[in-house]
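Asks: need coordinates for the following:
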Amino acid sequence: MIEKTEKIWMDGDLIPWDDAKVHILTHTLHYGLGVFEGIRCYETADGPVLFRVREHIERLFKSAKIFLIEIPYSEEEIEEAIIETVRANGMRQCYIRPLVYIGYGAMGLYPKGNPVRLAIAVWPWGTYLGDEGLKQGIRVKTSSFIRNHVNSSMSRGKVCGYYVNSQLAKKEAISCGYDEALLLDTEGYVSEGSGENIFVVRDGRLKTTPLTSILEGITRDSIISLARDEGIEVAEERFTRDEVYISDEAFFTGTAAEVTPIREVDGRVIGDGRPGRITRRLQDVFFSIVRGENSRYRGWLTPV
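Replies: Sure thing, here's the model as predicted:
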């Protein structure tokens, strides 16, 4: 359950949590066309910081552009609204959800003249796949559902309706006793998790799915950058699920998942069934960054 906070930012105003409501005929509620972001605020010795907030806001605008949604605020205004909402709720560490949605007006597939609305909510949210999963790794199932074709649902957008596909995969995995799902693309190559990007390690070399059928993950980009800075070879190339089976290490990345090791896929133990050396190394660097302990990446942090 979401832990309730005090205020939600809606269309320029901070309003009480319980008053943050939409009309039942809100267009996005019926047809799924809305764009959103997930951003984390971390506590550091110098106070709370937002992790790569500018890149998240840029992606929000790019998602909107793909789907011809005109956001009625500037990137700078949204960044200030996010900071204002975190402050108003007294949060030291939290998850942040900006949502751009189409309000009610015209019904039908073409929302002519409907207002574009924007809301920002913040709440405490720990490790998405569990503290134990973060430490020991999770069990993953290859889904019977595939990621949408790039010309049926454009993969660069973080769009509300796309996550029906993710929910189907996630529910299937959970019902079969696994922690998370792994989806393949329309040609049978590994795509991503239900809400995460995937990395594998073989012979000391890090590999991740190229930006073809996947969301352009900001945590993914962060891990690629810091891995190269750590002297780890990184390749962005396609791979199959059986290559995941025989990999030495594997892990998911995402704003919610952070850096979560994978210890098993489809009943096959990955490596020795524990988070590997490179996974642990990247986890340690990542968390040192978000805790404000690594000055090399201070530019990724925005003070609240």
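Asks: when you work out contacts or count neighbours from here on, use the C-alpha atoms and nothing else.
Replies: Noted.
Asks: centre of the chain to the worst-scoring helix or strand of the chain on mean pLDDT, how far?
Replies: Comparing every helix and strand of the chain by mean pLDDT, DSSP states H and E singles out helix 131-136 as the least confident one, with a mean of 92. For helix 131-136, the distance from its own C-alpha centre to the chain's C-alpha centre is 18 Å (CA atoms, centre = their mean, to the nearest Å).
Asks: and that helix, what's buried?
Replies: 133-134, 136 (16 or more other CA atoms under 10 Å).
Asks: also stretch 77-96?
Replies: If you call a residue buried by 16+ other CA under 10 Å, then stretch 77-96 has these buried ones: 78-79, 81-83, 85-86, 91-96.
Asks: save the residues you listed as TSV, and put in pLDDT, distance to residue 302 and secondary structure too.
Replies: Formatted as TSV, the buried residues of stretch 77-96 follow (pLDDT from 0 to 100; distance: CA to CA, whole Å; DSSP: H, G, I helix; E, B strand; the rest coil):
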residue	pLDDT	distance to residue 302	secondary structure
78	98	14	helix
79	98	10	helix
81	98	13	helix
82	98	11	helix
83	98	9	helix
85	98	14	helix
86	98	12	helix
91	97	14	coil
92	96	13	coil
93	96	13	coil
94	97	14	strand
95	97	15	strand
96	98	14	strand
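Asks: adding distance to residue 181, write these out as JSON lines.
Replies: Below are the buried residues of stretch 77-96 laid out as JSON lines (distance: CA to CA, whole Å):
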{"residue": "78", "distance to residue 181": "32"}
{"residue": "79", "distance to residue 181": "32"}
{"residue": "81", "distance to residue 181": "34"}
{"residue": "82", "distance to residue 181": "31"}
{"residue": "83", "distance to residue 181": "33"}
{"residue": "85", "distance to residue 181": "33"}
{"residue": "86", "distance to residue 181": "32"}
{"residue": "91", "distance to residue 181": "31"}
{"residue": "92", "distance to residue 181": "31"}
{"residue": "93", "distance to residue 181": "27"}
{"residue": "94", "distance to residue 181": "25"}
{"residue": "95", "distance to residue 181": "22"}
{"residue": "96", "distance to residue 181": "24"}
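Asks: which other helices and strands does the least confident helix or strand of the chain contact?
Replies: Contacts of helix 131-136 with other secondary structure elements, assessed using 3 or more CA pairs under 8 Å, 6 or more residues apart in numbering; DSSP states H and E, are made with strand 258-265.
Asks: which residues touch the residue sitting furthest away from the middle of the chain?
Replies: When distances are taken from the C-alpha mean of the chain, residue 106 lies farthest, 31.2 Å away, according to CA atoms, centre = their mean. With contacts defined as CA atoms under 8 Å, 6 or more residues apart in numbering, residue 106 is in contact with 27, 112-114.
Asks: now the phi/psi pair for residue 55, please.
Replies: Recorded main-chain torsions at residue 55 are phi -70, psi -40, according to degrees, to the nearest 10.
Asks: surely it meets residue 219?
Replies: No - contact criterion CA atoms under 8 Å: residue 55 and residue 219 do not qualify, at 10.4 Å.
Asks: helices along this structure, start to end?
Replies: Taking DSSP state H as the criterion, the chain contains helices spanning 27-31, 53-66, 75-88, 131-136, 163-175, 218-229, 241-245, 277-290.
Asks: what helices and strands are in contact with the fifth one?
Replies: Think helix 163-175. Applying 3+ CA pairs under 8 Å, 6+ apart, we find helix 163-175 packed against strand 138-142, strand 180-184.
Asks: repeat the analysis, applying 6 Å as the threshold.
Replies: Helix 163-175 sits against strand 180-184, with contacts defined as 3 or more CA pairs under 6 Å, 6 or more residues apart in numbering; DSSP states H and E.
Asks: show me the contacts for the spatially closest residue to residue 118 that is not a sequence neighbour.
Replies: Nearest residue to residue 118 in three dimensions, chain neighbours excluded: residue 100, at 4.5 Å (CA to CA, 6 or more residues apart in numbering). Neighbour list for residue 100: 34-36, 117-118 [criterion: CA atoms under 6 Å, 6 or more residues apart in numbering].
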